[in-house]
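Q: Everything below, folded, please.
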Amino acid sequence: MRFIFFLIPLGLLFFACDKDKPTQTEDIYLSLSVQPTFGIENLFLDSVYTTVEGYDFKVLDFKFYMTDVKNNSNQLAEAILYDFRENGKTALRTIGDPSKFTSLQGNIGVIESLNHDDPSAFPNESPLNISNAGPMHWGWNTGYIFIVIEGKADTINDGIPLFDHNFSFHIGTDTYLENFSFSNLNWVKKSATEYELPLKFEFDKFLQNNGQNIDLKTESLTHTAAGQQALTQKVNQNFKQAFKPY
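A: This is a model prediction of the structure:
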């Protein structure tokens, strides 16, 4: 009997100690997604769409960098590499607090302070590390490619689906760094520990923006080289206008 009475206060002591332990909170994950669209439909790689000029086309590759993505002093990510073919619409998944990112500011491309650093010196997990950047870092030019859009078009309206006309837009260099700023953002709660911010890229608006059309037949190539400034600027400006929150 004496042994039983001894166990009761001992059990109460353990209960009190356990009660004083802080409860462990689960990490909250934030996902940034970019859904390409064409008109009212989602756009898919390798699928056929039609321009206002009547050309059928397919997007084969769509990639771009974002850097210094933050809300004032709260940084969401130093760098993000969006690769639609490799990762689908998911651009970023990281631990964070959605209440701190009701607005976002950032850059389309790689900011100058990072653009000319040694790509092999970034941490292994960084999108800027050469093993992750891959062809998004120029071999012939110091720095990263900011935007890659590639595809094929059928520019002869004869009813024969012959996609033999390539288009390739590679935008880079410090001159063509563009900023973006989104406000009044609503993070979608997917679960108790998952939030998503859906963004979109309107390919129809990219090709036709307030009369500043990109004609895939006559304006099909820029690698930001000399003599390509006019199309480079148009691609850059149209890209910025087509990238927006849902």
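
Q: residues of whichever helix or strand F239 is part of that come out buried?
A: With the criterion set as DSSP states H and E, the secondary-structure element containing F239 is helix 229-242. Residues of helix 229-242 classed as buried by neighbour count (16 or more other Cβ atoms under 10 Å): L231, T232, Q233, K234, V235, N236, Q237, N238, F239, A242. For every residue, glycine as well, the C-beta is placed using N, CA and C.

Q: again, but for stretch 187-194
A: Neighbour counts over stretch 187-194 (16+ other Cβ under 10 Å) mark W187 as buried.

Q: what residues does it touch?
A: Stretch 187-194 has contacts (Cβ atoms under 8 Å, 6 or more residues apart in numbering) with E26, D27, I28, Y29, L30, S31, P98, F101, Y195, E196, L197, P198.

Q: Name whatever forms a beta bridge with the last one.
A: To tie it back to what came earlier, the one meant is P198. As for beta bridges, P198 partners with S33 under DSSP bridges.

Q: List the residues that contact it.
A: For P198, the contacting residues are S33, Q35, V188, P245, Y246, by Cβ under 8 Å, 6+ apart.

Q: Do I have it right that the second one meets Y246?
A: Yes - using Cβ atoms under 8 Å, Q35 is in contact with Y246, at 7.4 Å.

Q: shared neighbours of the two, which are they?
A: Counting by Cβ under 8 Å, 6+ apart, the contacts common to Q35 and Y246 are P198, L199, K200.

Q: got those residues as TSV, with pLDDT and distance to S131 columns?
A: Putting these into TSV (pLDDT from 0 to 100; distance: Cβ to Cβ, whole Å) gives the following:
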residue	pLDDT	distance to S131
P198	98	29
L199	98	26
K200	98	29
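
Q: just the residues you listed now: which is nearest N87?
A: Minimum distance to N87 across the shared contacts of Q35 and Y246 is 14.1 Å, recorded for L199 (Cβ to Cβ).

Q: which ones are touching L92?
A: Residues in contact with L92, defined by Cβ under 8 Å, 6+ apart, are L30, S31, L32, V69, L76, A77, I80.

Q: could you redo the last one with a cut-off of 10 Å?
A: In this structure, L92 makes contact with 30-34, 66, 69, 76-77, 79-82, 127, 197, judged by Cβ atoms under 10 Å, 6 or more residues apart in numbering.

Q: pLDDT below threshold where in this protein?
A: Across the chain, residues meeting the criterion (pLDDT under 70) sit at 1-24, 140-141.

Q: so where do the helices sit in it?
A: In the chain, the segments counted as helices under DSSP state H are 2-20, 84-87, 112-115, 130-133, 203-207, 229-242.

Q: Just the residues contacting the fifth one, thanks.
A: This points to helix 203-207. Contacts of helix 203-207 from elsewhere in the structure, counted by Cβ under 10 Å, 6+ apart, are 36-41, 43, 49-53, 55, 57, 59, 62, 149, 151, 169, 213-216, 219, 235, 237-244.

Q: Alright, I will stop here.
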